[in-house]
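1. Sequence plus the predicted model coming up.
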Amino acid sequence: MSTLRVKVLEAYTRDVGRGIIRLETDTLQEAGLSVGDFALIAGKATTAGKCMPMYPSDPYHGKRFARLDGLIRLNAGAAVGEYISIAKAKVSSAQSISISPVGERAEIIDYFVSQWKEPIESAFAAEALSGLPVSSGDFVSIEYREHEVGTFYFVVLEKEPAEGISIVEAGTKIDLVPQIVA
């Protein structure tokens, strides 16, 4: 398995929240990755992203850069302009994950938690996160449009299987743990 160091750039707007890492085609090949593979992304922490090619019109096309959104950068512990290591990730299907809301909007989060109904909300969350690679400790976002609420942010507390990177699928059971107040 080949590991490469690449410099971090901001994601394309259309990729935000989708768990995508964009790499130049030669960089993908050099790392032993193909479009659609999942890359292990290591900065100060480790996460994963789905590999997609940079656009040919990208000014950084042809160079060793990776385009990552803010959540992936946060999960990897890397900032724009810093270097990360990438390698092909071994992934499994997520059977279940436990998430807990994070953020400043306590009254909205309380409303969201009070409205969580099994299995309807679990299925909604699984569909919203479908295709996303996660590991324990990762932050994820779900757009929730009821009452114009918007986007919620969650931390992945646990997942099954516990080890490695797992891909959320439509059938993954999502458990909501109320926000922990320190």
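-> Perfect, thanks for sending it.
2. Break this structure down into its structural domains.
-> Taking automatic domain parsing as the domain assignment, the ranges for the chain are 4-88, 91-176.
3. Out of those domains, which is the most enclosed?
-> Counting by mean count of other C-beta atoms under 10 Å, domain 4-88 has the highest mean neighbour count of the domains of the chain, with a mean of 19. Where C-beta positions appear, they are placed from N, C-alpha and C, glycine not excepted.
4. how far does that one stretch from start to finish?
-> End-to-end distance of domain 4-88: 10 Å, with C-alpha to C-alpha, to the nearest Å as the criterion.
5. what do you get for stretch 152-170?
-> Separation of the first and last residues of stretch 152-170 by C-alpha to C-alpha is 19 Å.
6. next one: that stretch to chain centre, how far?
-> Shown here is stretch 152-170, whose average C-alpha point lies 10 Å from the average C-alpha point of the whole chain (C-alpha atoms, centre = their mean, to the nearest Å).
7. tell me the average confidence for it?
-> Taken as a whole, stretch 152-170 carries a mean pLDDT of 93.
8. Contacts only, for Gly70.
-> Contacts for Gly70 (C-beta atoms under 8 Å, 6 or more residues apart in numbering) come out as 11, 16.
9. Next one: it from Arg64, what distance?
-> In this structure, Gly70 and Arg64 are separated by 21 Å, where distance is defined by C-beta to C-beta, to the nearest Å.
10. how about low-confidence regions in this structure?
-> Flagging of the chain using pLDDT under 70 yields the residue ranges 1, 105-113, 115-116, 118-120, 145-149, 179-182.
11. Repeat the analysis, applying 90 as the threshold.
-> Counting by pLDDT under 90, the chain has low-confidence residues at 1-3, 17, 56, 59-63, 100-125, 141-154, 175-182.
12. Quick one: the helices in it, in order.
-> Read by DSSP state H, the chain holds these helices, from start to end of the chain: 25-30, 70-76, 106-115, 120-129.
13. on contacts alone, who are the packing partners of the first one?
-> Other helices and strands packing on helix 25-30, by 3 or more C-beta pairs under 8 Å, 6 or more residues apart in numbering; DSSP states H and E, are strand 4-10, strand 46-53.
14. ok now that helix, how far from the chain's centre?
-> Mean-position distance between helix 25-30 and its chain equals 21 Å (C-alpha atoms, centre = their mean).
15. start the count at 12, not 1, going forward
-> Noted, 12 is the first residue going forward, which turns the last one into helix 36-41.
16. hmm, who's touching that helix?
-> With contacts defined as C-beta under 8 Å, 6+ apart, helix 36-41 is touched by 13, 15, 17, 45-46, 62, 64-65, 73, 75-77.
17. make it 10 Å
-> 13, 15, 17, 32-35, 44-46, 48, 50, 62-65, 67, 72-77, 97 (C-beta atoms under 10 Å, 6 or more residues apart in numbering).
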